[in-house]
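Trainee: have a look at this prediction, sequence included:
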Amino acid sequence: MHNGAVTLAARVFAASHLTGTFVLRSGRTADHYFDKYRFESDPALLREIVEALVPLLPAGTEGLAGLELGGVPLATMLSSVTGLPAYFVRKEPKKYGTEQVCEGGEVAGRRLVIVEDVVTTAGQIVLSAQDLRSEGAVVEHAVCVIDREGGGADVTSSEGIDLHALFTMRQLEALAG
């Protein structure tokens, strides 16, 4: 990592790293946790993170699919910075109104990049990609702030999705010494 990335990684680590006993979405238990809401609720830090994510977006991206809940502020800010439309992907369709799993407009035929905050096993990325593909979207890439390196990149790859992480768990742990 270059100096700017190291500084940003250190700030993300300091803002969000917690120790204790935590159950992850995957059901796994961890002795440390990255509370993404602590970096997503800091407007200056969130903007720096988003600006660092921009180069990870592949050429030809036509929209940003922010996953509920942590991917939504990232996708919104990325949309503001890049001018790409943002879509908001629910874990399950709401039971009223439009009853859609993807909010924000028509995605059929669009090349979408899934936006997530922290990835461990990538289970939600896979489920959401299936939902988006069933609506006709082309989903071949996902970006995240932190890859906990819990097998997520292999899982997404087996689903035809390249996972692009701003930081890996090893990079962030190196800052802890």
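Mentor: Received it, and whenever you're ready, just let me know what you need. Residues are numbered from 1 along each chain as shown.

Trainee: show me the contact partners of the lengthiest helix in the chain.
Mentor: Within the chain, and with DSSP state H defining each element, the longest helix by residue count is helix 3-16. Residues outside helix 3-16 that contact it (Cβ atoms under 8 Å, 6 or more residues apart in numbering) are 1, 34-36, 38-39, 42, 45, 48-49, 52, 145-146, 167, 171-172, 175-176. Quick note: C-beta positions are derived from backbone N, CA and C, even for glycine.

Trainee: which ones among those residues map onto helices?
Mentor: Those of these lying in helices (DSSP H): 36, 38-39, 45, 48-49, 52, 171-172, 175-176.

Trainee: PyMOL command to pick out the buried ones of those?
Mentor: Buried residues among the ones in helices among the contacts of helix 3-16 (16 or more other Cβ atoms under 10 Å), as a PyMOL selection:
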select buried, resi 36+39+45+48+49+52+171+172+175
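
Trainee: could I get the ones in helices among the contacts of helix 3-16 as TSV with distance to residue 83?
Mentor: TSV is the format used below for the ones in helices among the contacts of helix 3-16 (distance: Cβ to Cβ, whole Å):
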residue	distance to residue 83
36	24
38	28
39	23
45	22
48	19
49	18
52	18
171	29
172	30
175	33
176	37
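
Trainee: mind putting the ones in helices among the contacts of helix 3-16 into JSON lines with pLDDT and distance to residue 28?
Mentor: Listed next are the ones in helices among the contacts of helix 3-16 as JSON lines, based on pLDDT from 0 to 100; distance: Cβ to Cβ, whole Å:
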{"residue": "36", "pLDDT": "91", "distance to residue 28": "17"}
{"residue": "38", "pLDDT": "95", "distance to residue 28": "21"}
{"residue": "39", "pLDDT": "94", "distance to residue 28": "22"}
{"residue": "45", "pLDDT": "96", "distance to residue 28": "27"}
{"residue": "48", "pLDDT": "96", "distance to residue 28": "29"}
{"residue": "49", "pLDDT": "97", "distance to residue 28": "24"}
{"residue": "52", "pLDDT": "97", "distance to residue 28": "27"}
{"residue": "171", "pLDDT": "92", "distance to residue 28": "20"}
{"residue": "172", "pLDDT": "89", "distance to residue 28": "18"}
{"residue": "175", "pLDDT": "78", "distance to residue 28": "22"}
{"residue": "176", "pLDDT": "65", "distance to residue 28": "20"}
